[in-house]
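Q: Fold the following, please.
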Amino acid sequence: MSSKIAIIGSGPTGIYTLKGLVGKAEPLSITIFESEADPGKGTPYHPDLNDQAMLSNIASIELPPVCETLSDWLRRQPDEELQRFGIERALIADREFYPRVVLGEFLFSQFSQLIEIGKANGHSIDVRASHRVRDIELRQKDIRLSVSAPDGTTEEFAFDHVVMATGHDFPETTEVKPGYYMSPWPAPALKKIGPCRVGILGTSLSGIDALITVATAHGSFLLDEQGVLQYHPMAETDGLHVTMMSRKGVLPEADFYCEIPYRPLQFCTEAAIETLIATRRHDLLDAVFELFKAELLFCDPEYASRIGLSFLTVETIAKAYFNDRETTPPFQWAARNLAEAEANKKAKYTVEWRYAILRMHEVIALAIPHLDEKDLERFHKYFKTVFVDDYATVPHASIQRLLALYRAGKLDIQALGNESEIDNESVERGAVVRAQGNTYTFDAFIDATGQHTLSARDIPFPTLKQQGVMRKATTSAVPSLVDGEGALVRTGGVDLDEKFRPIFQDNLTNRLYCGSIAFLLHKLPFVQGITSARDIGSVVSKAILETNAQLQLSAA
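A: Numbers count the residues shown, from 1 in each chain. Okay, here's the model as predicted:
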């Protein structure tokens, strides 16, 4: 009898999990539940949730192939499809960036191909669109799912394996109060914002997405005679002005050219990190930071000297890293950085310090689950932001649009500092922001700070929550001088093993796999993105196939 597998969600994590399952193996019965009407696209790329103007920040060369690469898929599209996407055939390239909705269409195509491959290999695959999983219950030998069907009825299912591939977690209703939006998604809701004072919390790509969605509702971007992008507002939109805000008040850098596949690291290697994990319980983060410094010095000694790397600590590295940007007017910095990035891309020139940090983030991530409570807090507070900023660069077109809006007098940037207050209670619409002794009033306000970390208390499945099997993650603290034992300290996220299964002692099946991004961020801080979805899907699908093989062997 074939093993019954449920995948909750058909976005990137669900797609890469499916990819790992549909090869030539023992026949599987796979059911995919998707709350949206059209599966296979994922929240960040779905056409109903994203505006055509929203750009993704992953190029084809960085996108792990499913059945084919993004560039190859685009090249085989008919001219009318490319025209619909706004893509010129001659400009299709491995390092170009495309609208989020284009990636959604690509993922849907790959999802459809995987289903055909799976069926051809003897697997049974049932895709249930507009089906929302409402509850999960672990039992001794199987897992019960309670699912809302499109007609409003509730259906019950039992599976041998269940994969939570629910990806990002954003509110279904984004405008929670008049003019106050908890998220940039769904983007069509932002189109209703009139030409008024708009505040956007967040200056990363999510914030830029929100900005461009609002801006294109009241104007358009066109190249002038010199080939420079300009923003042309519509008539009677003089009242539109957007303020983007963040703690530092800095903009992300433009995507930088680098060598792919990555050159190997010399000092901050996986082997070196694994050695530290095995031997440095008391000061693991500081030991990791020494490897970081050694690698950065080796790769770019001039940059290391300029920021005073030898004197820096975990607590001071971010201040040195951001210093130039924080002390330069943001749009002046953006224009200069864009010009540098465009020239480097044309010349295929790699800025070594940026490239070194980019390569190190995935290696250093291996140590994060092993940090004690104090060091985990230090990492999140001081060190993580350097890596996030370095890998979360944005398409050149995004910076060009920011500069165009600034030149049109429609945009400014505000640094809030470490202490700020957002008040949406004392106003009928929008919000009031108080920071550094100043008050800013907005008719519309959008929280575009991205996916927030969720913990065990946020599990959306009541029975699973009541069972207590999804527990807040723990880490061993520094051993006590009294008894030599390391107490388990709650750190956030959920407690999972290396195969993304909840850790518990109850006599229940352990074949639930949590690949939901929001619950992984605390211990896996760089897990966002399609490459992470590929990694999670690969681990989970391999675990399922290995478990099935072991069961068949024991049965024989």
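
Q: If you drop the residues flanking it in sequence, what lies closest to Ile277?
A: His370 (5.0 Å; C-beta to C-beta, 6 or more residues apart in numbering). Backbone N, C-alpha and C define where each C-beta goes, glycine included.

Q: Count residues in the vicinity of that neighbour, would you?
A: 21 (other C-beta atoms under 10 Å).

Q: now do Tyr321
A: Here the number of neighbours of Tyr321 (other C-beta under 10 Å) works out to 19.

Q: Val386 is in contact with that one, correct?
A: Yes. Using C-beta atoms under 8 Å, Tyr321 is in contact with Val386, at 5.0 Å.

Q: Distance of the residue nearest to Ile277 relative to Phe379?
A: Note on His370: its distance to Phe379, by C-beta to C-beta, to the nearest Å, is 11 Å.

Q: Same question for Glu253.
A: For Glu253, the distance to Phe379 (C-beta to C-beta) stands at 22 Å.

Q: repeat for Ala335
A: Taken as C-beta to C-beta, the span from Ala335 to Phe379 is 33 Å.

Q: out of those two, which sits in the busier spot?
A: Neighbours were counted for Ala335 and for Phe379 using other C-beta under 10 Å; Phe379 has more, 21 against 17.

Q: wait, is the more buried one part of a helix?
A: Yes. Per DSSP: H, G, I helix; E, B strand; the rest coil, Phe379 lies within a helix segment.

Q: neighbours of the closest residue to Lys24 other than its chain neighbours, just the number please.
A: In space, Lys24 comes closest to Asn121 once its chain neighbours are excluded; the distance is 5.1 Å by C-beta to C-beta, 6+ apart. Asn121 sits with 14 neighbouring residues when counted by other C-beta under 10 Å.

Q: For Asn121, give me its contacts.
A: Val22, Gly23, Lys24, Ala25 (C-beta atoms under 8 Å, 6 or more residues apart in numbering).

Q: what about the third one, neighbour count?
A: Neighbour count for Lys24, taken as other C-beta under 10 Å: 9.

Q: and it, that one's in a helix?
A: No. Per three-state DSSP, Lys24 lies outside any helix segment and is coil.

Q: Just want to check the distance between it and Leu405.
A: 53 Å.

Q: same check, this time on the first one
A: Distance from Val22 to Leu405, counting by C-beta to C-beta: 45 Å.

Q: What residues does the nearest residue to Thr393 once chain neighbours are set aside make contact with?
A: Nearest residue to Thr393, sequence neighbours excluded (C-beta to C-beta, 6+ apart): Asp255, at 4.5 Å. Going by C-beta under 8 Å, 6+ apart, Asp255 touches Asn57, Ala59, Phe97, Ala341, Thr393, Val394, Pro395, His396.

Q: swap in Gly515?
A: Thr13, Thr17, Val163, Met164, Ala165, Thr166, Phe500, Ala533, Ile536, Gly537, Val540 are the contacts of Gly515 under C-beta under 8 Å, 6+ apart.

Q: thinking Gly9 is in contact with Phe33, fair?
A: Yes. Shown here, Gly9 and Phe33 form a contact pair, counting by C-beta under 8 Å, at 7.4 Å.
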